[in-house]
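> sequence-free structure coming up:
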């Protein structure tokens, strides 16, 4: 009976530990090359190379029909333990001024996907990134 009682008392701790491990994301999970695409209106793709600390090292946002570059991003992604992703960028158009941009979303590290909202010039667009390699 004591063994059963001890097991029942320990069960919530074991379950909590398993849940914490499942959602224990880190910014270093973003290391590698990602391709992103707006899921609704804007038809631009962005290739992004991310360092282990979340800083972007290379980018190219381009028109998929012409394959011509339209912008680059400078900035950093961060990921919290619950896999929430935030990023602040300088969105630099190839022909024109730069502007601030933000991304807020969720990382699925097992699938290599980030989904959320990309905000440029005050307009929010559903956006998804897929990890190509790390």
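Thanks, I have the structure now. Quick caveat, the model's predicted, so the values are computed rather than measured.

> drop to CA atoms for contacts and neighbour counts, all remaining ones
OK.

> partner residues bridging the most centrally placed residue in the chain?
Nearest to the mean C-alpha position of the chain, counting by CA atoms, centre = their mean, stands residue 114 at 4.2 Å. Bridge pairing for residue 114 (DSSP bridges) gives the partners residue 107, residue 129.

> same question, residue 123
residue 120.

> Flag the shaky bits of the protein, pLDDT-wise.
1-22 (pLDDT under 70).

> picking up where we left off before, ok, the residue nearest to the centre of the chain - contacts?
Neighbouring residues of residue 114 by CA atoms under 8 Å, 6 or more residues apart in numbering: 85, 105-108, 128-130.

> among the residues you listed, which ones are buried?
Buried subset of these (neighbour count, 16 or more other CA atoms under 10 Å): 85, 105-107, 128-130.

> of all these, which comes closest to residue 23?
Nearest to residue 23 out of the buried ones among the contacts of residue 114 is residue 107 (CA to CA; 9.9 Å).

> The closest one is in contact with residue 115, isn't it?
Yes: counting by CA atoms under 8 Å, residue 107 touches residue 115, with 6.8 Å between them.

> who's in contact with the nearest residue to residue 42 once chain neighbours are set aside?
Among residues not flanking residue 42 along the chain, residue 125 sits closest, at 7.9 Å (CA to CA, 6 or more residues apart in numbering). Counting by CA under 8 Å, 6+ apart, residue 125 makes contact with 38-42, 117-119.

> any idea which of those residues has the most stuff around it?
In terms of neighbours by other CA atoms under 10 Å, the contacts of residue 125 top out with residue 118 at 22 neighbours.

> which residues does residue 89 bridge with?
Taking DSSP bridges as the rule, residue 89 bridges to residue 75, residue 101.
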